[in-house]
Every structure is written in C-alpha cells, then in structure tokens.
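Q: show me how the following folds:
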Amino acid sequence: MRLQGYCRPRRGFSNGIGNPAGTIESVRRERREEALLFGELLAGELVVVDMVTTAPSWSSAMRVRKTWLFSLSAAAAVTAGSNASDFLGFFTASPIPSGGDNHTIEAADLNGDGLVDLVLPNFEVDFDSVSVVLNTRGGTFAAPILVDLGARPWAARSADLDLDGDLDICVNATDGMLVTRVHVLLNDGDANFTPGGAFLIAGQARQLRLADLNGDGVIDAVTVNHGSNNISVLMGDGAGGFSPQSVYLAGHVPADATIGDINMDGAPDLVVANAFSKDVSIFLNDGSGEFPVEQITTFQLPPPPGSTFVHSPNSVVIQDFNNDGVNDLIIAHGGPWWAILFGVKDGGLGEPILIAAPAGMVDVIAPDLDEDGDLDLMFTQPLDRSLAVWLNDGDGNFELVQEMPTLIEPLDIAIADFDHDGDLDAAVAHALAEELGLHFQASGPFAPDFNGDGVVNGIDLAHLLAQWGGPGDADVNRSGIVDGVDLTAVLFEWGPIGDKRFTTR
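A: Numbers count the residues shown, from 1 in each chain. A predicted model of the protein is given here:
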C-alpha cells in the first residue's frame, strides 16, 4: 500500500531521500505507538509512517528503514492495483481569491507565457464581471483582474474567436432587464480584454460550450438555456462575432451540454442533460452545424438497483473511454451514482451501466490524470464538499482512488499543469466563496529549475534566497513558506537536469 493525498513529508529529506515510496511497515499517530488502519486517518492529521525505502549512496543504492511525518490533505490510501499505476493523488493547497462568486472555471494561457491562467465569471449581482487570474509560475497566481461586463455572468469559456492567435473570452450574461447575451471579450495577446460585441440568446443560460460545429475552422458557441428549456447555437464569423442564434428545444431545465461525435460521422454532436425532466437529449449534427428535429432523441436512465427514484442528470462528457475508436458517454447524476454508455461501432450508444458513487455530483471531466494514455474521471460532489478521482484501466473500467475535501460546495473543475511540473492539477470554482480551490497532483520527480534554462545553478539559488521566509514559486513543496526543505531540493538537483529528481510532494 502507499499513502495518497499527502501534503508533504515534514522531515526525512536528509541525504536526498525525498521520495516517500517503499514498503509501508506501520502508520501511527504522532507521539503514539499503536498502529492505525488507513481508514482511521483524518484529513489534516499528522501521522508517522515507518517504511523501507531505497536511499542513494555514493556507490550504490541501499535499503534503509525511514520514519516519515505526514500531514494528510485527505484521509485516503489505496492498494496498488490495475488502475492505480503511479498515480500519487492530489494535495490541497491554500485557496486564493477569485474575485467573486463563481459557477464555472476555465483554464487557458491568456498572455502567451507558457503558463496556464484562469478565467471565472463573477455571478454575484454586485460584481457583473469576469475574473482573469494570471499564473505567476510554480502554481502561484496574481490577484484577480476584473473585466467589467455590465451584466450578470453565468459561464465563461476561452477560445481564439477572432483567429489572431491568442485566446479570447466568451461569456453568457443576463442584464437587469433579464435579457441574456453572449458577450465577447477580445484579447490583445497580453491578457488585456476589450468588449467585442454581445449577441442575443433565447433565455437565461446556465452553461456555455465552444467548438467548431461546421468544420470551417471558426469557433461556434452553444448555450444551455435553463430558463427557456432550449439551447442556442451561434455560428462564429472568425472576426470575434457570431451570427444570429438557432434555437432547439431541449428538456425541462437543461443543466449542461457536451460536444462530441456520438454517431461517428465526423461531425460534432450535442448531448444535453435536462435536470427537471431527468432525461438526456442527443442532437445529431448534419455536418453544417445544424441539428434537424428528426435527428433529436431523448432518453432517461433507469433508477439504480433497489430503487424506483430517478435522479437528475447534471453533467455529461463524450470521449472514447475503452480505446475502441468509438466515443462513449458519461453521465453524472445528483444521486450517488453515475452512468457510462459505451458507443457501438455502427453509431449510437449501448445500454447504460450504473456505477455507485460516494455522493451526488454536479460536474464531470475526463482528463488523463495518471498519464497512462487513457481517460480518467474527476467529479465534483457538492453535498460532500469534495472531489472524487476515478482511474480508468484502459478498458472503461473505473476505480475510485481518491476523495479530497474542498473549500465549500465545488461546482466546476479546470484541469491543467498549473505548477509546470509535468502532471495535471485541478482548480475548482465554488459558489458563495469568492475564492477558488487549488489541488496539485502529488508528483514524483521534479527539478527546481525556476527560470527554465535546463540547469539548477546559482540563479535558481539566488531566486530561492530572495523569497526566503515567505511565499513564492520557490516553495517547491507547497508548504506556504520558502525554507530549508526547498533549499535542500535545489542543492540535491544542482547542475544540469538529468535523470535525478527531487520528490517534492
């Protein structure tokens, strides 16, 4: 077994031993002798771990017994199995200001510096703005820059709308007269945004998705209009604008939509989760970005075994989860279960497979978290105030490997390598918090080459010393302060970056 979801070892970095991997012999609470079961561990608790690990020496590797002190960000442990691979889990960093009450979150490199930034709509009436939160390296972020809309935003997404090579922002927002429009904010390349137009849609829209629907190389928009039980499709003009909307009837109170090729004809289709009618609508694309009425179908999932109650679908995602070349559909529900429908090769979907989950879900995304070439799942679980990570074995079989606590109710997730260490991290939008959550994947190897020149040297050391005793991107183990642990990382990695790496988390 191995610990998962830890923040960092509190001691044990001597002799360059930074990797708490090995055979765990016992786990006990600090200053106590009795051994613990993993299920008894509490989030944030300090625990002592005795393990046998491999330590480097000048001539060879030797086996040593080492005691570690951990602070857990989640009470989680897993038994290494087919789905576990080398995934070490996530640890929870301190939340950062988001600028408002946020229902969605989007990850994008907005200023072209190679670092992934964040975009959040500020839903509170007093804000009427979009937050641009720029990454300042090492998983740290600048204070939010508020871009005024003059209307209440619901969702914000990013894409190159005017084909100038940088990423713009698209927002659906409702004004004081309850009129909803898709607003375009054009980027000058340095993350300075100016209004580019506002385009009418049919009703209040909870969700917004962007994709090229007609294959012309221009981004189009789809809004999920929960206030009018329909969706709006707006075709992009390549200059940062949209044509007048086409409106298609959905179910009762649609909550989310995903874009992907369901019938494998090469054209992206739409799948919509309808919360109040508790069903899912499929809109097949005719290839031109239109969705003929005769190609719109709706189905409802059965209740879980032993129940007659059907929960509301809240989120959907289309991807190929079993690597057979055909897209599948994941549906997240408000109840403690989710569903997968595998695609069939002649188009369409197979029978739903229901999978029990710890809690009801609002959002689901499908990144490759463990970098094994297949797509995994991460869910928001608002009632439990947590995120759930499910790893895929490559055949579409999923295993729950981690739940981690969140600030308050999590609503939306953005996944990217925010700390630039080579693996995927999570940023989370919360309602009524005015803060966003950051969850960094516990990586194995990492080299503290702060300026990215391929060598750890005096420049990196000077950078670290300049931040000594405070926060900064030289805080490689995310303790909240630059200290001796970070200095040890620099000294261990001194010289050209090669095979050696210092494990920081």
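
Q: where along the stretch 201-350 of the chain do the strands fall?
A: 207-211, 220-225, 230-234, 246-249, 254-260, 269-274, 279-283, 296-299, 313-319, 328-333, 337-341 (DSSP state E, counting those that start in this stretch).

Q: indicate which one of these is closest to residue 174.
A: Nearest of the strands of the stretch 201-350 of the chain to residue 174, taken as C-beta to C-beta: strand 220-225 at 10.8 Å. C-beta coordinates here come from the backbone N, C-alpha and C atoms, glycine included.

Q: adjacent strands (with direction) for the closest one?
A: strand 207-211 (antiparallel), strand 230-234 (antiparallel) (DSSP bridges).

Q: buried residues in it?
A: 220-225 (16 or more other C-beta atoms under 10 Å).

Q: could I get the residues you listed as JSON lines with pLDDT and distance to residue 179?
A: Below are the buried residues of strand 220-225 laid out as JSON lines (pLDDT from 0 to 100; distance: C-beta to C-beta, whole Å):
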{"residue": "220", "pLDDT": "98", "distance to residue 179": "21"}
{"residue": "221", "pLDDT": "98", "distance to residue 179": "17"}
{"residue": "222", "pLDDT": "98", "distance to residue 179": "19"}
{"residue": "223", "pLDDT": "98", "distance to residue 179": "13"}
{"residue": "224", "pLDDT": "97", "distance to residue 179": "17"}
{"residue": "225", "pLDDT": "96", "distance to residue 179": "12"}
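
Q: which one of the residues you listed is nearest residue 190?
A: Closest to residue 190, out of all of these and judged by C-beta to C-beta, is residue 221, at 24.3 Å.

Q: quick check: that closest one vs residue 365, distance?
A: 20 Å (C-beta to C-beta, to the nearest Å).

Q: next: residue 149.
A: Counting by C-beta to C-beta - residue 149 and residue 365 are separated by 25 Å.

Q: likewise residue 245?
A: In terms of C-beta to C-beta, residue 245 sits 27 Å off from residue 365.

Q: CA atoms only for stretch 172-181, dumped as PDB, please.
A: Output in PDB follows, covering the C-alpha atoms of stretch 172-181 (Å, rounded to 0.1, in the frame of the first residue of the first chain):
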ATOM      1  CA  ASN A 172     -23.100  34.300 -21.300                       C
ATOM      2  CA  ALA A 173     -24.600  37.000 -19.100                       C
ATOM      3  CA  THR A 174     -28.000  38.400 -18.100                       C
ATOM      4  CA  ASP A 175     -28.600  42.100 -17.700                       C
ATOM      5  CA  GLY A 176     -31.000  44.000 -15.400                       C
ATOM      6  CA  MET A 177     -33.900  43.500 -17.900                       C
ATOM      7  CA  LEU A 178     -33.400  39.700 -17.800                       C
ATOM      8  CA  VAL A 179     -32.100  39.700 -21.300                       C
ATOM      9  CA  THR A 180     -29.200  37.200 -21.900                       C
ATOM     10  CA  ARG A 181     -26.500  37.700 -24.400                       C
END
